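**Student:** return atomic coordinates for the entry below.
(2 chains)
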Amino acid sequence: MTALGTLGGALQAVVIVVGSPLLLGLMRQIRARLEGRAGAGVAQPWRDLRKLLRKQPIAPRGTSEMFRIAPVLLVAMTLVVAVVAPFITTASALPPVADLFVVVALLAHGTVVLALAGIDTGTAFGGMGASRETTILALVEPTALVAIFALSVRVGSTNLSAIVGSTLQDPQRVISPASLLAAVALVVVIVAETGRLPVDNPSTHLELTMVHEAMVLEYAGPDLALIELGSAMRLSVYLGLLANLFLPWGIATEPGLLALFVGVSALVVKVALLGAALAFAEVFLAKVRLFRVPELLAGSFLLALLAVTSSYFLA
Amino acid sequence: MNLVALALMGATALGVIGVMAALVVGRGARPVVVGALTAAGGVFGTVAGIAAMLGQAWSANLPGLLPLSGVVISVDALGGLFLAVSGAVATTAAVYGIGYSRHGLDGRGVQAIFPVFVLSLLLVPVAGSISTLLVSWELMALTSLLLVLAEHRRRAEVASAGRWYAVMTHLGFVAIVIGLLVLAAPAAGDSYPAVRAAADTLSPTVAGLVLVLCLVGFGSKAGIVPLHAWLPRAHPEAPSHVSALMSAAMVNMGVYGIVRVGFDLMHGGTRWWWLLVLALGAMSAMYGILQAVISTDLKRLLGYSTTENMGLVLVGIGASGLFASSGRPVLAALAATAALLHVIGHAAFKTLLFLAAGSVLHATGTRDLDALGGLRAVMPMTTAAFGLGALAASALPPGTAFISEWVLLQALIHGLPSPGVATSIVLPIAVAAVALTAGLSVATFVKAFGVGFLARPRSDAAAQARESPPTMLAGMALAGMASVGFAIVPTLVLPVLGRVAGDLVGTGSPVAGAVTVELVGIAGSLSPVLLAAALLAATVLVVAVPRVLVARRARRAARLWDCGAGPLSARMEYTATSFAEPLQRVFDNVLQPVQDVDITHVQESRYLVAAVEYRRRVPDRVERRLYEPVLAAAAAWGCVGRRLATGSVHRYLGYGFYTVCALLVLLLVTR
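**Tutor:** Predicted coordinates:
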């Protein structure tokens, strides 16, 4: 635990908590402009959060503590990832926790907690959303693990700082077949895990096609605010991970105010660009049927497996 | 006489006293006395095992106890590990059994057999010779069979489960007997040192045959596919504390057997052995979890999950053997450590899960997830116990299975650039299998916990359930503490496990560290304590910050969203079947469910439907392809044989006469 790591960890948490709703706002704004609408502005998600936080908390009858603790756990787990993973500096606040397996499993755990909360409501929609989300999670997890494995084999470690550091030292690795295949697989993982098109439609209002939204249908007020914040943070964290695993340049490796400033700016620019690209692509995509999603995920699993194989066959 | 000897003798004495007490004490006090004595025996067994793991060895020769060969007891670190696990599981199950036995399991027979089963579980890992191992193995099989049959008067399925178990466990025993006898044939005696010394004189083909036979026998005990068919039948039908003992302690003996024979007695062998073990492990892990994810019977689901976890253990063992035979002892020790950690972790969480499932069965009378739900309100302790076990089993941090799978994946990552075509094909597939298993296990336990314990009750039995008696809660608390302990501070046990694993492949411990799990010789560290602390801190922060920012208002109770259509009923909830339906559809080609739709028409008109009946079954495909042809062939063989046996005595005498004549002719011709 170094000074740079601790400072960087705190800074990362602040940047991600403050920035993730703005990222969401940016993506919605891009989509609105491309569809010919004026859009609500980049800061709209923050205005929504402020409104929701001031409302009275609601306890739907028949739900238990699981329902009430789930939003808190979702944000807490994402927050831990935001602190330990290398977003702004390569020096982690908690190096023995900054493991790629731990980080991805923690993010998956957030989904699991929400799914349990969805079941806990005892409504058809809650169960339906939880069932679908769990199905997608069960098929995404293997892809994520195998893609991580492919990235780790060449470094000989699953530690995130080590992986990012080795890419900084040897930039040619980014364009190796293993790295490219793993990148594509991870993009599919991120799209599926954060509930973006074509796996799930984040702005749907039709219950029967919802996945994530059906699961959190019963939430209102401050609880909903936490869930919205948690989901936005998950998206930022995933995009940040993707950016720094494959394009880590700009990340602070040594202490210093300038280095940290460059690190923050680089992260913001990279994540904003990735988010913009995602929003741009989404305009041209329609949601696929739930039972076509496994085909997409099986394809990404195959890519990840090929990445593992090529990581030492072509090494 | 050291601590190991004293503790083992204590455990044996308590077991014997337990049997006698079961026969003598009256029905009212019987479960308490037997449970307390068995639990104490389990504690002694654990103490002996821990002492053995820490370096104390003990061996004894008791020639008078068993005719011809005598009994040889020898405790080493490897045996000590499995001894400690068995002892600990037995303690928990015995404490739980005090309360659980009160409803119909307090008969003299069942109560007297239970301590014998525990004793046999303690004896298998400390056996020091082939004959002692075989005798204690058979004792374990017989006593567990009798315990499986304990509730045969109440449910008809018990008898069928018992038949499957009896036949399969004995076929496995035959395989083990043949294998071990061939192994011991060139040795001077049947004690382990003698066998070990003579093992190198076997030709590679014979050694391979011995390994395959032992793999069949021990693997069937561990529930390895395709010899798993008995496990999801017998484990659910046994009384729940016996299920816990079988699923958390007895299956480990299969792993112990493979490790003992493969690594210890036959010195590691060649590469294809371990490729076979690894492939079987990967197949079992995937098949087991796939069956578990669609299973709606709570205990059957746990049984299939046992197959999955033993599969993961075998992946670790196989990888370890593979690395050892490629000359990479550090990685071999690391993979073996992962396997042993998974054995211990699995023992803890599977005990917890089976005991919690037993409480549910005790309170509601059903194991059907589709009829459960809403138990969190009426059985909060049991719900907490099952939730803890589900977290540990689903390979999510902070959980036990996550740590062992992390260690296993570390070994595979560093071992991937290994030489050999077979290795480079099998290892990525093993990684993919572990990854698929991890994903599906999450879905399995979300389903089991979410549908079984959360939401609203789906039947009157679930709505009227009551929390279990204190002894059952105490048993679950013990298992729960172990489960949490292994998840948060695995560093307490890892160095010892590392030493046991290192001894197997002839190197030092591959793990170190008090707060952080640090790998020795290769890069890699993980700190479950820091992770748990960080999660706790983040949770506190997330609760506190909104309270500071905005004024707190009291929660208001409100109606659930019912689309404006009136109150929701429990029939509108998602059930376990519907929850797993998307996954079942995804894996349709593998599972091949059988569906029937029966439509009854109204008598007056074919165009009006009176009733639609829909049935779906997911038969075990391995069973259908592998077992049914064999069973059909056996039945056909029996039908053919029946024509010979008409019941006429003259005919039978004739058979005898002609057989003797034929033998005499044969003798005449061949000499």
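**Student:** got any ranges where the stretch 101-250 of chain A has weak pLDDT?
**Tutor:** Counting by pLDDT under 70, the stretch 101-250 of chain A has low-confidence residues at A:207.
**Student:** residues in contact with the residue in it that chain B sits nearest to?
**Tutor:** Relative to chain B, the nearest point of the stretch 101-250 of chain A is A:G127 (2.5 Å; Cβ to the nearest Cβ). Using the backbone N, CA and C atoms, a C-beta is placed for each residue, glycine as well. Neighbour list for A:G127: A:118-119, B:455, B:573-574, B:578-579 [criterion: Cβ atoms under 8 Å, 6 or more residues apart in numbering or on different chains].
**Student:** quick check: it vs A:K287, distance?
**Tutor:** Distance, A:G127 to A:K287, by Cβ to Cβ, to the nearest Å: 20 Å.
**Student:** likewise A:R132?
**Tutor:** Counting by Cβ to Cβ, the gap from A:R132 to A:K287 is 12 Å.
**Student:** ok, B:L298 next?
**Tutor:** 35 Å.
**Student:** and B:L23, by the same measure?
**Tutor:** Going from B:L23 to A:K287 by Cβ to Cβ gives 68 Å.
**Student:** more crowded one of the two?
**Tutor:** Higher neighbour count among B:L23 and A:K287: A:K287, with 18 against 13, using other Cβ atoms under 10 Å in any protein chain shown.
**Student:** do I have it right that the more buried one meets A:L197?
**Tutor:** Yes: at 5.8 Å, A:K287 counts as touching A:L197 under the criterion of Cβ atoms under 8 Å.
**Student:** counting neighbours, which of the contacts of A:G127 comes out on top?
**Tutor:** A:G118 (35 neighbours).
**Student:** looking at it, that residue is touching A:A130, isn't it?
**Tutor:** Yes: between A:G118 and A:A130 a contact is recorded at 3.7 Å, counting by Cβ under 8 Å.
**Student:** shared neighbours, these two?
**Tutor:** Jointly contacting A:G118 and A:A130 under the rule Cβ under 8 Å, 6+ apart are A:M215.
**Student:** which parts of the chain are strands?
**Tutor:** Just so you know, I chose chain A. Assigned by DSSP state E, chain A shows strands spanning A:58-60.
**Student:** my question was about chain B, not that one.
**Tutor:** Using DSSP E, strands in chain B cover B:58-62, B:71-75, B:511-512, B:517-519, B:525-526, B:556-558, B:594-601, B:609-617.
**Student:** what segments of the stretch 1-150 of chain A are helices?
**Tutor:** A:3-34, A:44-54, A:65-84, A:100-120, A:124-155 (DSSP state H, counting those that start in this stretch).
**Student:** low-confidence regions, chain B specifically.
**Tutor:** Applying pLDDT under 70 to chain B flags the ranges B:1, B:417-419.
**Student:** now it against chain A: closest residue?
**Tutor:** For chain B, Cβ to the nearest Cβ, closest residue to chain A: B:Y574, 2.5 Å.
**Student:** count the neighbours of residue 213 for me.
**Tutor:** Since no chain was named, I'll use chain A. Residues within reach of A:E213, counting by other Cβ under 10 Å, total 19.
**Student:** think we crossed wires, I meant chain B
**Tutor:** 22.
**Student:** and the pLDDT at the residue with the largest distance to the centre of chain A?
**Tutor:** In chain A, counting by Cα atoms, centre = their mean, A:R61 sits farthest out from the average C-alpha position, at 31.5 Å. pLDDT for A:R61: 87.
**Student:** how much space separates it from chain B?
**Tutor:** Computed as Cβ to the nearest Cβ, to the nearest Å, the A:R61 to chain B distance reads 6 Å.
**Student:** show me what contacts the residue nearest to that residue when sequence neighbours are not counted?
**Tutor:** Take A:R61 and drop its neighbours on the chain: the residue closest to it by Cβ to Cβ, 6 or more residues apart in numbering or on different chains is B:A557, 5.6 Å away. Neighbouring residues of B:A557 by Cβ under 8 Å, 6+ apart: A:58-61.
**Student:** between those, which is nearest B:E308?
**Tutor:** Taking Cβ to Cβ as the measure, B:E308 lies nearest A:P60 of the contacts of B:A557, at 35.3 Å.
**Student:** let me see the contact set for that closest one.
**Tutor:** Contacts of A:P60 by Cβ under 8 Å, 6+ apart are A:67, A:121, A:218, B:557-561.
**Student:** could you rerun that using 7 Å?
**Tutor:** Taking Cβ atoms under 7 Å, 6 or more residues apart in numbering or on different chains, we find A:P60 in contact with A:121, A:218, B:558, B:560.
**Student:** between those, which is closest to A:R31?
**Tutor:** Comparing the contacts of A:P60 against A:R31 with Cβ to Cβ places A:E218 closest, at 26.8 Å.
**Student:** phi, psi for that closest one please.
**Tutor:** phi -80, psi -10 (degrees, to the nearest 10).
**Student:** wait, isn't it in contact with A:D120?
**Tutor:** No: look at A:E218 against A:D120 with Cβ atoms under 7 Å: they stay out of range, at 9.0 Å.
**Student:** more neighbours: these two, which one.
**Tutor:** Using other Cβ under 10 Å, the more surrounded residue of A:E218 and A:D120 is A:D120, with 28 against 24.
**Student:** check contacts around the residue nearest to A:V72 when sequence neighbours are not counted.
**Tutor:** Distances taken as Cβ to Cβ, 6+ apart put B:V542 closest to A:V72, at 5.0 Å, once the chain neighbours are dropped. Neighbouring residues of B:V542 by Cβ under 7 Å, 6+ apart: A:72, A:75-76, A:79.
**Student:** over to B:V602?
**Tutor:** B:V602 is in contact with B:608, B:610, counting by Cβ under 7 Å, 6+ apart.
**Student:** which single helix of chain B contains the most residues?
**Tutor:** What stands out as the longest helix in chain B, according to DSSP state H, is helix B:329-364.
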